[in-house]
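Peer 1: what's the 3D shape of this:
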Amino acid sequence: MSLKEKLDIIIKLLTIVGMVGLGCVFVYMLTLGLRPSEVDLGPIVYQVPTSFPQTPFAIPEDVPTSTSQPLGPRLESLGVVQVFGNSNQGTQIQISKTGIYRFSYNSGAYAVYPISEEGSGSKIWLTSVLVFEGNRALWDGRTIRDRDALLKLFDTKYWDKAENAGNSAKGQYLEIQLAEGTILTLVAVDHLDSYNDNPGQVFVDIYFVEY
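Peer 2: Residues are numbered from 1 along each chain as shown. As a prediction, the model looks like this:
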């Protein structure tokens with residue numbers, strides 16, 4: 001065998017040994033959490049990828065994001081109506097456009113007996129409001145015709161204190177479809193001739209609702 005052939009064999013063996021050694025070093029570095037960008041082995045430079053391609057994905061259109069519109073109806077506030085406990089005439093409003101309206105409890109309560117009886121343990125406080133269609137409430141003699149009311153709002157019965165009555169009605173509301181031009185009367189509940197000494201009032205929020 002000539003000297004040249006022997007040198008070729010030696011070079012090939014060194015190349016094979018170098019490749020095996022490179023592989024061992026690379027595996028060992030990966031186990032340590034290291035990731036080289038390239039390895040220089042004499043005249044040969046091996047590029048080592050430091051990242052891997054990711055498959056792109058699309059977000060479905062129906063998945064809500066942080067900029068999505070909130071769910072639920074849109075409420076347009078039309079103001080607050082005050083219903084006095086000492087008025088059998090009630091409070092009248094007129095509907096400005098056809099649609100759905102929400103009557104929501106805001107605050108307040110009224111008593112159906114003199115307030116001097118509050119400390120006796122008697123339950124005299126109410127938040128109940130009746131809504132009649134038309135410009136007046138309806139009566140059977142002295143008794144209000146609650147069966148003919150369009151709505152019965154915040155009817156949580158009688159309470160010993162105004163604060164307790166108000167707490168019982170928090171969060172309550174009713175919705176109804178109404179036509180443009182409809183007149184409504186909101187009135188407290190008592191006997192026709194017994195209103196004049198009733199202290200207190202109930203505040204009602206009115207909203208136009210769009211679903």
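Peer 1: contacts, neighbours, all on C-alpha from now
Peer 2: Noted.
Peer 1: My guess is Asn106 contacts Asp205. True?
Peer 2: Yes: at 5.8 Å, Asn106 and Asp205 qualify as touching, with contact defined as C-alpha atoms under 8 Å.
Peer 1: Mind listing what's buried along the lengthiest strand in the chain?
Peer 2: As assigned by DSSP state E, the longest strand anywhere in the chain is strand 99-111. Buried positions in strand 99-111, judged by neighbour count with 16 or more other C-alpha atoms under 10 Å: Tyr101, Arg102, Phe103, Ser104, Tyr105, Asn106, Ser107, Gly108, Ala109, Tyr110, Ala111.
Peer 1: got it, and stretch 135-144?
Peer 2: So stretch 135-144, judged by 16+ other C-alpha under 10 Å, has buried residues Asn135, Arg136, Ala137, Leu138, Ile144.
Peer 1: Look at the second one and report its pLDDT.
Peer 2: The pLDDT attached to Arg136 in the predicted structure is 96.
Peer 1: same thing with Ser122?
Peer 2: Taking Ser122 on its own, its pLDDT is 86.
Peer 1: Surely it is in a strand?
Peer 2: No: under DSSP: H, G, I helix; E, B strand; the rest coil, Ser122 sits outside any strand and is assigned coil.
Peer 1: any idea how far Val112 is from it?
Peer 2: Between Ser122 and Val112 the distance is 11 Å, computed by C-alpha to C-alpha, to the nearest Å.
Peer 1: neighbour count winner among these two?
Peer 2: Val112 (23 against 13; other C-alpha atoms under 10 Å).
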